[in-house]
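Engineer: Have a look at this prediction, sequence included:
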Amino acid sequence: MKTWKTLGYMGLIPFVLCLYLSGHEMFWGIDPKQAFIAYSAVILSFIAGTIWQVNGSRQNDKLKSKQQIISNLFSLIAFVSLLINPYVALAILTTSYLLHFLYEVRFVLQDELNPEYITMRFRLTLTVVLLHITAFIVWSN
């Protein structure tokens, strides 16, 4: 398996682990719910960088500037999710993952569609969204 695929799928492990451990109040002094949200915020901010195209592309400067601003907006949303109610954070992060995927496929990768990469991103996004929905349900009970 290609390194980027392996790393992509391995990135799901902290989500699953934190969700599993969220049945406990604390684990080694760490709140698993807060860890889940924090990891999610870090990953959202990380993938926001995929739309930050600064050099070598066929885009005009205006489009590049727009993508850089949108990239920063996703990172700021991720940061804000660390500061708010966990249930609201889950909803915002879930929505952000979906919007990021749609934006990336529609505007960023339109000229460079690698079916293997798009399939992986779809699977990862779907899994992350389902894990966030599961967290919301489990944490509400």
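Structural biologist: Nice, I can see it.
Engineer: Just give the closest residue to the spatially most central residue of the chain, not the sequence neighbours.
Structural biologist: The chain has L44 as the residue nearest its centroid, 3.3 Å off, counting by C-alpha atoms, centre = their mean. In space, and not counting its chain neighbours, L44 is closest to A78: 4.2 Å by C-beta to C-beta, 6 or more residues apart in numbering. Glycine gets a C-beta too; all of them are placed from N, C-alpha and C.
Engineer: Run a quick neighbour tally on the one you found.
Structural biologist: When neighbours are defined as other C-beta atoms under 10 Å, A78 has 24 of them.
Engineer: Identify each buried residue in the helix or strand containing it, please.
Structural biologist: A78 belongs to helix 61-81 when elements are defined using DSSP states H and E. The neighbour-count criterion (16 or more other C-beta atoms under 10 Å) identifies 67, 70-71, 74-75, 77-78, 81 as the buried residues of helix 61-81.
Engineer: Point out the least confident one among these.
Structural biologist: Minimum pLDDT across the buried residues of helix 61-81 is recorded for Q67, with 85.
Engineer: List the contacts of the nearest residue to A91 once chain neighbours are set aside.
Structural biologist: Excluding the flanking residues, the one nearest A91 by C-beta to C-beta, 6+ apart is F136, at 7.3 Å. Each residue near F136 by C-beta atoms under 8 Å, 6 or more residues apart in numbering is listed here: 87, 90-91, 94.
Engineer: and the two most separated of these?
Structural biologist: Greatest spatial distance in the contacts of F136: Y87 and T94, 10.9 Å, computed using C-beta to C-beta.
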